[in-house]
Every structure is written in structure tokens, then in C-alpha cells.
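Novice: Need coordinates for the below:
(2 chains, ligands or ions: 2)
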Amino acid sequence: MGIKIDPLKCIACMACELACGYHRDDAFALLSSCVVVYRTRERKDYFGVVLKEEDSLVIARPEGLEVKKIGAAEEDSGGGDASAKPMLLREACDLCEDRDDGPLCIQVCPVEAVYQD
Amino acid sequence: MEYLSSDKIAVIDLAAGEVEELELDEELVAQRIGGAGITSHLYAQYQDEDPIVLGAGLLTGTLVPASSLAVATGKSPLTGTLVHAPLTQYAGQELKYSGFDYIVIKGTAPEPVFLWIHDGIADIEPAGELWGAEVWQAVSQVRAQMGDELIQVLGAGPAAERGSDLGQLMINEWASGDRFGLGRALAAKKVKLIAVRGMGLLEIAEEEDFLAGCLELLKAVKAGAWGGRQGLGELGAALGYDDFAAWLEPKLHRHHAAFNTPFAYLGFLMLEGDPKAMNEPQADEPGVLVGDPGALGALKALGLNVEEAGDILKACAKAGLDAAGVAKVCQGRGITAAADILAALEDISGPVEGLSGPFSTWAPLGLAPDEASWRRRMAVAHVFGLDPIFMLMAPELSEDKLVELAALGTELEITTDTLEAVVEAIAG
Ligand code: SF4
Ligand code: SF4
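Specialist: Numbering: from 1, shown residues only, chains lettered A, B, ... in the order given. Ligands and ions are numbered 1, 2, ... in the order given. As a prediction, the model looks like this:
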């Protein structure tokens, strides 16, 4: 079972993004994270979280979830958020398989907006 | 400096139009840790050229809870003394990852400029049409010019340019913790804004133990007094703002946190359209992020409703005015009607009564048991780069734990004695 995101609980703190970066690089960096807060529409207070999985891009928008198959997401450049595009170049979520304690993003989210069933 | 650092200081000489790059000496970190500890050291070093020094803390941008803070250190036009303005939201992490640990901005530019700090490069660029532009317009313009919407902008508005003491150093479109008029100080140097973008990487000395320490702290914080709580309403209630949550309710949209900060003390007021709707608003500028909760409380205390207060915050944000200072000055002059306050913004200036000390009461005194412990918490927050508001909420982020993490992260001999000496140096 993959990671789930509740966009309405999210407070855009970016802890998940930083945690995922740590999982990739054993350092603090944001470039390799496969879970990313999109926050370019700050003037409209419109933000959410994008997750890259093996076959799909999960876009957790405040009004609801959208799951795009990777092929379709590539063609549909107008559909996602600007920050979603480079997502396609990143490694997919591996559920932090090398960690005994499981997904790090879930552990650091202060409001349980990232979770697993 | 190998760990939790980019190992670089930019010294920007505005008069000469030159940038010098220096290494961040490990010895300096071992002595002054970081944040205000080091910005104040650099300030003293370049004091003759009246610098503004920007910097992140040692733990800014890491997984230590509340790692949101950057500091702007300089002489306040309002107090005439050295101050440390707290900059949270996403400003701290962006600066930390920008390839520079500290940025010294000294002298005065012959013509208006902006600074472009990115990926270890610091450039001085002509401000052109940015000069004179209102804050929101300048933010859009510089992002478009550099082709990156995630650029974080620390800037001055038209109020600062015309010399108002209430000219705040803004974070993007929003209010910051600068209640010292550092926007005016920046504009006086003929610098409109500092655009920052960072995609760097911070190595950690003992990464596994460091991570374990961060997770342990987060767990403790979540089990603490503020665990499970959120929002401006809760914060206002703790500060004794009468019926604050109910007052906010008609306009409050979503809660926001500063970077990696577990309590969302920022909130957005949706002034146009339905604040309960969650789809993307039609209007381009439907509201305002409350970057200074105390300013909103002060406007409420003048007898305004949330819509009126929101309109004033938005107008202040566009002009680059410190709204807390505006509320205080207006109250002092007996100006309390929303329309009169909006009209006064055109040429409002200081002085603002009651400012003292190097730390901003943007992080409310009311969250601390007394002033001495408030000042101590502020000093620790500004050295490590942790969110000053959250530091007042979370005693779990204890000095011992933070010192331990600083040592684990850097392999330097940073002890409680080191911290004691730095706190004494910056807090007096
Ligand atoms: S589970 Fe691990 S790999 Fe997947 S998004 Fe979370 S941190 Fe990244
Ligand atoms: S950690 Fe949780 S609250 Fe923070 S950005 Fe990620 S999902 Fe949102």
C-alpha cells in the first residue's frame, strides 16, 4: 500500500519533502524528494502535495485527489502544477524500504496529513 | 566549515559593485555557533560601512523541529541600535540552501539594485523598474525575470523607499517579524530586494544520530502543551485576544506553518469569495497571509472587524509597511476607523513607542512566563535558527538537546558553555 495524503490537513510545512530528501541523499537537500509541496500559488492560498509513485503522479489538491498515469502526466503539461513537472525526473517513492521504522515522511508530518492505511 | 553549511560568506560591497566570497571558518562556528551569533560578529567586523547581515542559523533547514529561521542583523532606524529581525516562512531554508551561510550587505549603491543569491553565486543587478514598485508587483517581476516561481524575496516596499520608519523587510508578499524598519535600512542602501533560491545540500557529521535526535524532539513536541493544536485562533486565545477564533471565522481560510514548524501560527484571510471553498480562487489577489499574528491582534484591539483588519494588512503588505507599527502609531494618534487607517498609510511613519532590545516582539512576550525567559529563548532561537514563536511554545526544544544536536551535526565541540557565551554576547 502506498503513501496517502490528506491535502486539507496539510499546513505546507515541507517536513515530508525534507525527510524524503534525507532518505535519498543521507543529507539535507530537497532536490531528490519524491514528495513535494506545491506552493507557487501563495497569493491564492492554493497549495497541496505531489507524490511520485512508480506508475503515477498523485496530486493531492485541496479540492480532491488526482492520480495521473505517468505517460498521461507527461503529455498533459498544462494539467499539473509547475513544480510537478520535474517530479517526473525523480525516483519514485520506495516507501523508505531500507528503513526499519518505515516511511520517514509519515514520521515527520506534524499533523498526520501523510499516512498509510 | 564542512557540515550543516555551504562554507561560504558573501560580502557585497554596494559602493564598489563587488562581491567578495569568504570561507566560513570552523573556529568561528565553534565559538559563535551561528545565526545571530555570527551575524553580529560580521556586523562588528564591517561596522564602519553600516552593514545589514543576513544569515541562517546552524540548524536552519534541517529536520530539527521549527528549523525555519533566518536573521537580518543591522541598525534599526527606529531604535538606532543593533537588532536581529526574525524571518521565517520559507526564507530561512531558502537562504540556508542558497550556497551562502551569511551575506554581508555593506555601503550604499550608486543606483538602485537588487541582489540575486542562488546556488553559490551572489550577483548585484540593476533594479530598473523594480525600484518604486509595490511589494507584490516586485515579487512577481523578479520571479518572472529569473524564471523561477519559488524564489524567496526579502524586500522593501514603497514605504521603505520614501523613508518611512515602518518600512518592513518583507518576505515575498507577506509581513515578516521585522518590526525594526530594516526594510527602510535596506532601501537606504538603494537595495530594493534580495532574491534567494537554493538547491544546495547540507552534509551532516553523524547523520543517523542526528536524525534520531530530531525525531525524538518532534515526538516530545507533539506530546507537549501545543501538540495537536493549530492556527491563529489558538495562538490568539493563548495571548488573551478576546474571542479571537470567532472573530476570525468569517474570513479565515487555511492554516500555514513556517518551514518544518509543527504549529501552524500563520493563516490566510480570504477577503474575496467564500473562505470555506477549497478550489482555486478565481481572483488573482483574493486575500492576505497573516505573517504577523500580533499585528492582526492589534488591529482587532482598535475595534475593527476581520474584514477591515484584513484589508489593512493587505494594503500594508503591498506598501511594505509593518502593520503592528501602523496599529500602534494609529492608536497613539486616535485614528481607529478602517477608512482613516487606510488613508493614513500613504505617508505614515514612526516613531513607534516601546521598542527596546535586539529581539522582535513579533514573537509575543505573552507566550513566555516573564521577560527574562523570553529574551533567553529569543537568543537561543536566533543562534540555532529555530522559529522564535514556536520556541516559546515548546520547552521540549531544550538548550541541552539543541547543543547536543549542533555537536552531532557538525563534529565541533559546541557545549552549553559555548551557548552561554554566545547568548551573553547577543542578548546582553
Ligand atoms: S515513503 Fe519514503 S520514499 Fe516515499 S515519499 Fe515518503 S519519504 Fe519519500
Ligand atoms: S509534512 Fe505533512 S503538513 Fe507538512 S507539508 Fe508534508 S503533508 Fe503537509
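Novice: what does chain A put close to chain B?
Specialist: A:8, A:11-15, A:18-19, A:22, A:25-31, A:39-47, A:62-63, A:82-83, A:107-108, A:110-111 (C-beta under 8 Å from any C-beta of the partner chain). Where you see a C-beta, it was placed from the backbone N, CA and C, and this is true even at glycine.
Novice: can you pull the contacts of B:P281?
Specialist: A:K44, A:D45, A:Y46, B:M270, B:E272, B:G273 (C-beta atoms under 8 Å, 6 or more residues apart in numbering or on different chains).
Novice: ah, wrong one, I meant B:E2
Specialist: If you count contacts by C-beta under 8 Å, 6+ apart, then B:E2 has B:E26, B:E203, B:A205, B:T410, B:E411 around it.
Novice: A:C10 versus the second one, what's the distance?
Specialist: Shown here: B:E203 relative to A:C10, a distance of 29 Å by C-beta to C-beta, to the nearest Å.
Novice: next one: B:L186
Specialist: Taken as C-beta to C-beta, the span from B:L186 to A:C10 is 33 Å.
Novice: Under a three-state scheme, what state does B:E149 occupy?
Specialist: coil (DSSP: H, G, I helix; E, B strand; the rest coil).
Novice: Give me the pLDDT value at it.
Specialist: The per-residue pLDDT reported for B:E149 equals 94.
Novice: Excluding sequence neighbours, find me the nearest residue to residue 58.
Specialist: Since you didn't name a chain, this refers to chain A. A:L51 (4.3 Å; C-beta to C-beta, 6 or more residues apart in numbering or on different chains).
Novice: To clarify, I was referring to chain B.
Specialist: Using C-beta to C-beta, 6+ apart, the closest residue to B:L58 is B:G34 (3.4 Å).
Novice: What does the pLDDT read for the one you found?
Specialist: For B:G34, the model assigns a pLDDT of 98.
Novice: Surely it and B:A56 touch.
Specialist: Yes. With contact defined as C-beta atoms under 8 Å, B:G34 reaches B:A56; the gap is 7.3 Å.
Novice: what touches both of the two?
Specialist: Shared contacts of B:G34 and B:A56, counting by C-beta under 8 Å, 6+ apart, come down to B:D101, B:G385.
Novice: More neighbours: these two, which one.
Specialist: B:A56 (35 against 30; other C-beta atoms under 10 Å in any protein chain shown).
Novice: about what we covered before: so which of the residues of chain A next to chain B also contact ligand 2?
Specialist: A:I11, A:A12, A:C13, A:M14, A:A15, A:V108, A:V111 (C-beta under 6 Å from any ligand atom).
Novice: Can you list which of these are found in helices?
Specialist: A:A15, A:V108 (DSSP state H).
Novice: any chance of the ones next to ligand 2 among the residues of chain A next to chain B in TSV, plus distance to B:S373, pLDDT and neighbour count?
Specialist: Formatted as TSV, those follow (distance: C-beta to C-beta, whole Å; pLDDT from 0 to 100; neighbours: other C-beta atoms under 10 Å in any protein chain shown):
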residue	distance to B:S373	pLDDT	neighbour count
A:I11	27	97	26
A:A12	30	97	26
A:C13	26	98	27
A:M14	29	98	26
A:A15	27	98	29
A:V108	28	98	25
A:V111	28	96	19
